[in-house]
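[1] this one's sequence-less:
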């Protein structure tokens, strides 16, 4: 447990908490967390997670722009629906991309757990994209992904980060509940506006 890991955990918790509250500052805290974790994961030979942090940075800026644009139009962060066929298609793409990435890591690097690392990276990227699109499904996906992350980080002796991801499981469950409440309020206000 290094000071870097401790700092990254604190920043990550703040970022997720702000995301749950649909606060625009979440994107800046998440950006810093991604940079910190890129360095940390690289030092533990979790290359899939390292590369994922750089993808997160790109999607982070996209999410910030998308939320800001939506806020300017609706004066709030509106939660959007995600159809089952689209969700399943995107999950199949993530699995295929994760498999391809895992094979690359396995054959061309000394990655510690290439296939698991790559699948978690792919589904984390999908969950982050869903967050940027304000889909409630992001929280469901994060619950499952974070549970698996807990095991991987315990395996790699990153116990504080494993604890962080265990907290992320609870936070994602709360985020799911919180966004459902907001979605209901938005539906009522839309109905009254008709």
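    Looks like it came in fine. These figures come from a predicted structure and were not determined experimentally.
[2] next one: stretch 44-58 to chain centre, how far?
    12 Å (C-alpha atoms, centre = their mean, to the nearest Å).
[3] also stretch 143-155?
    Averaging C-alpha positions (C-alpha atoms, centre = their mean) puts stretch 143-155 13 Å from its chain's average.
[4] so which bits of that stretch are buried?
    By 16 or more other C-beta atoms under 10 Å, the buried positions in stretch 143-155 come out as 143, 145, 146, 149, 150, 152, 153. Using the backbone N, CA and C atoms, a C-beta is placed for each residue, glycine as well.
[5] all strands of this protein, in order?
    For the chain, strands defined by DSSP state E do not occur.
[6] can you map out the helices along it?
    3-20, 26-43, 47-74, 84-108, 114-132, 137-155, 159-193 (DSSP state H).
[7] least reliable of these going by mean pLDDT?
    Mean pLDDT is lowest for helix 47-74 among the helices of the chain, at a mean of 82.
[8] now do the buried residues in that helix.
    Quick answer for helix 47-74 (16+ other C-beta under 10 Å): 47-53, 55-56, 59-60, 63-64, 66-67, 70.
[9] most tightly surrounded among the helices of the chain?
    Mean neighbour count (mean count of other C-beta atoms under 10 Å) peaks for helix 114-132 among the helices of the chain, with a mean of 22.
[10] who touches it?
    Contact partners of helix 114-132, identified using C-beta atoms under 8 Å, 6 or more residues apart in numbering, comprise 19, 46-49, 51-52, 55-56, 59-60, 62-63, 66-67, 82, 90-91, 93-95, 97-99, 101-106, 111, 137-138, 141-142, 144-145, 148-149, 152.
[11] quickly note the distance from the residue most central in space within the chain to residue 87.
    Nearest to the mean C-alpha position of the chain, by C-alpha atoms, centre = their mean, lies residue 128 at 4.2 Å. Per C-beta to C-beta, to the nearest Å, residue 128 is found 15 Å from residue 87.
[12] same check on residue 99?
    19 Å.
[13] surely residue 60 is in contact with residue 34?
    Yes: using C-beta atoms under 8 Å, residue 60 is in contact with residue 34, at 6.6 Å.
[14] common neighbours of these two, please.
    By C-beta under 8 Å, 6+ apart, no residue touches both residue 60 and residue 34.
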